[in-house]
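[1] let's see this in three dimensions:
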Amino acid sequence: MATAHVPTEQPDDIEVIELDRAEYDQAVKAELAELGMTYKQLEREARTGIFRSLRARKLWLAIGEPHGAEC
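    Numbering: from 1, shown residues only. Coordinates of the predicted model:
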């Protein structure tokens, strides 16, 4: 029988950043602006699965459907 090794200690290099709603909304808007696109454009790309860049795909993976963000 095979067994899997499950680490019991967490790496020390994990950083968690908590944002409030306003900070989250601002971060999403800033990233969309840097990509030169709107949330609707990003959403369309997600529906087709064809993203203009890896960065756009990563943003979609990070935010997906808006969780109350005012985009």
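[2] secondary structure class for residue 26?
    Following DSSP: H, G, I helix; E, B strand; the rest coil, residue 26 is assigned to helix.
[3] separation between residue 19 and residue 53?
    Residue 19 is 24 Å from residue 53, where distance means Cβ to Cβ, to the nearest Å. Every residue, glycine included, has its C-beta placed from N, CA and C.
[4] ramachandran angles for residue 39?
    phi -60, psi -40 (degrees, to the nearest 10).
[5] was I right about it contacting residue 32?
    Yes. Using Cβ atoms under 8 Å, residue 39 is in contact with residue 32, at 6.2 Å.
[6] what ranges do the helices span in the protein?
    Taking DSSP state H, the helices of the chain run over residues 21-35, 39-48, 54-63.
[7] make TSV out of those helices and add distance to residue 13, mean neighbour count and mean pLDDT.
    Converted to TSV, the helices of the chain look like this (distance: least, Cβ to Cβ, whole Å; neighbours: other Cβ atoms under 10 Å; pLDDT from 0 to 100):
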stretch	distance to residue 13	mean neighbour count	mean pLDDT
helix 21-35	22	14	94
helix 39-48	30	14	95
helix 54-63	19	14	94
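[8] just send these back as JSON lines, with distance to residue 15 too.
    Shown next, in JSON lines, are the helices of the chain (distance: least, Cβ to Cβ, whole Å):
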{"stretch": "helix 21-35", "distance to residue 15": "15"}
{"stretch": "helix 39-48", "distance to residue 15": "26"}
{"stretch": "helix 54-63", "distance to residue 15": "15"}
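[9] centroid-nearest residue for the protein?
    With distances taken as Cα atoms, centre = their mean, residue 62 lies nearest the centre of the chain, 1.2 Å away.
[10] that one and residue 19, how far apart?
    When distance is defined by Cβ to Cβ, residue 62 is 12 Å away from residue 19.
[11] same check, this time on residue 33
    In this view, residue 33 and residue 19 are 17 Å apart by Cβ to Cβ.
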